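In: fold the following for me, if possible:
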Amino acid sequence: MQQRTIGPRSVSAIGLGGMPMSIEGRPDEARSIATIHAALDVGVTLIDTADAYHLHADEVGHNEELIGRALRSFGGDTSGVLVATKGGHLRPGDGSWTQDGRPEHVKEAAKASARRLGVDAIGLYQFHRPDPRVPYADSIGAVRDLLDEGVIELAGISNANVAQIDEANEILGGRLVSVQNQFSPAFRSSLGELEHCAELGIAFLPWSPLGGIARAAAVGERHGAFQRVAETRGVSPQQVALAWELALAPVVIPIPGASRPGSIRDSVQAAALELTADELDTLSGAGELAA
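Out: As a prediction, the model looks like this:
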């Protein structure tokens, strides 16, 4: 599969988002494990998770533990797989989301994530979402400390604007390697952040790159231009969407969520789909920017 880089690490151009395997509508564990193994079989070497990817209040880290078990039970070599997890975002168990960006929480959350993943050091740790009650510099300072202490190998941020990207990179001493923001055919408000990452050489990881769990299956129905290109090429509109994102900049690494082996097998084929300049112009011009 086509490769891209996150800091010094080479990873697959398409990653696997683990969130659908642990929240509402989650599949049974056997199917989830099969999905992760299918991703590894087709060359995926970036798996995204978070301690907040869980359903009930008493199962923080459900997805991290699931991914850890899947990696340990895989029959092949997983030494080149980069697991990216996040902390600072919480799910109380009632379907809502909250934040806790206090430095002490970020540090403890990272250490707990490492234990659940079964690793000595987390490959990539990303501050999940800014906490309006805590100075951003304080939260990122905790990530810097984790990096300096060797608790994490690489540092990233998520749900950040351009100013926060620059602030985080400065606090981390130029060691910011990734930004994970929402971006898809339906949600393009992070295009400025994507372009800024491209200028800095920082990996940009679109989350919900197909529009989210509830909308991913309907990419073609919701976006006619993507459906038309898909029909012309004889591929799925999901592949077209991911290929379009990959073409926006060499730092883009989409992380589509999957809960079935067939879904991730289809998604990874986007890395080999080269869209023409006319197709890219049409797709980039399709739809209005989301608010």
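In: what about the closest residue in space to Met1 that isn't next to it in sequence, neighbour count?
Out: Among residues not flanking Met1 along the chain, Gly43 sits closest, at 4.0 Å (C-beta to C-beta, 6 or more residues apart in numbering). To be clear about C-beta, it is placed using only N, CA and C from the backbone, and glycine gets the same treatment. For Gly43, the count of nearby residues is 15 (other C-beta atoms under 10 Å).
In: would you agree Ser178 is in contact with Arg9?
Out: No - between Ser178 and Arg9 there is no contact under C-beta atoms under 8 Å: 10.0 Å.
In: shared neighbours of those two, which are they?
Out: Jointly contacting Ser178 and Arg9 under the rule C-beta atoms under 8 Å, 6 or more residues apart in numbering are Leu124, Leu154.
In: so which of those two has more stuff around it?
Out: Ser178 (25 against 19).
In: list the contacts for that one?
Out: By C-beta under 8 Å, 6+ apart, the neighbours of Ser178 are Ile6, Gly7, Ala84, Leu124, Gln126, Leu154, Gly156, Ile157, Ile202, Ala203, Phe204, Leu205.
In: so which of these comes closest to Ser139?
Out: Nearest to Ser139 among the contacts of Ser178 is Ile157, at 9.1 Å by C-beta to C-beta.
In: list the contacts of that closest one.
Out: Gln126, Phe127, Ile140, Val143, Gln164, Ile165, Ala168, Leu176, Ser178, Val179, Gln180.
In: let's see 6 Å
Out: Listed by C-beta atoms under 6 Å, 6 or more residues apart in numbering, the contact set of Ile157 reads Gln126, Phe127, Ala168, Val179.
In: so of these, which ones are in strands?
Out: When these are checked against strands (DSSP state E), the matches are Gln126, Phe127, Val179.
In: determine which two of the contacts of Ser178 are furthest apart.
Out: Leu154 and Phe204 (14.6 Å).
In: so these two - more neighbours on which side?
Out: Phe204 (26 against 22).
In: part of a strand, is the more buried one?
Out: Yes - checked against DSSP: H, G, I helix; E, B strand; the rest coil, Phe204 lies within a strand.
In: hmm, back to that, can you redo the contacts of Ser178 as TSV with pLDDT and distance to Gly93?
Out: Output for the contacts of Ser178, formatted as TSV (pLDDT from 0 to 100; distance: C-beta to C-beta, whole Å):
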residue	pLDDT	distance to Gly93
Ile6	98	32
Gly7	98	34
Ala84	98	24
Leu124	98	27
Gln126	98	23
Leu154	98	30
Gly156	98	26
Ile157	98	25
Ile202	98	34
Ala203	98	32
Phe204	98	31
Leu205	98	27
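In: which among these gets closest to Thr232?
Out: Phe204 (27.5 Å).
In: report the contact partners of that closest one.
Out: With contact set as C-beta under 6 Å, 6+ apart, Phe204 has these partners: Val179, Leu194, Cys197, Val251, Val252.
In: ok, now which ones touch the nearest residue to it once chain neighbours are set aside?
Out: Closest residue to Phe204 apart from its sequence neighbours, by C-beta to C-beta, 6+ apart: Cys197 at 4.1 Å. Contacts for Cys197 (C-beta under 6 Å, 6+ apart) come out as Val179, Phe204, Val251.
In: output the strand or helix carrying His105 as PDB, nothing but the C-alphas.
Out: Per DSSP states H and E, His105 falls inside helix 103-117. This file holds the C-alpha atoms of helix 103-117, laid out as PDB (Å, rounded to 0.1, in the frame of the first residue of the first chain):
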ATOM      1  CA  PRO A 103      -2.200  18.400  33.100                       C
ATOM      2  CA  GLU A 104      -2.500  15.800  35.900                       C
ATOM      3  CA  HIS A 105      -5.400  14.200  34.100                       C
ATOM      4  CA  VAL A 106      -3.700  14.100  30.700                       C
ATOM      5  CA  LYS A 107      -0.600  12.500  32.300                       C
ATOM      6  CA  GLU A 108      -2.600   9.800  34.200                       C
ATOM      7  CA  ALA A 109      -4.800   9.200  31.100                       C
ATOM      8  CA  ALA A 110      -1.700   8.500  28.900                       C
ATOM      9  CA  LYS A 111      -0.200   6.100  31.400                       C
ATOM     10  CA  ALA A 112      -3.500   4.300  31.700                       C
ATOM     11  CA  SER A 113      -3.800   4.000  27.900                       C
ATOM     12  CA  ALA A 114      -0.300   2.500  27.800                       C
ATOM     13  CA  ARG A 115      -1.300  -0.100  30.300                       C
ATOM     14  CA  ARG A 116      -4.500  -1.000  28.300                       C
ATOM     15  CA  LEU A 117      -2.600  -1.200  25.100                       C
END
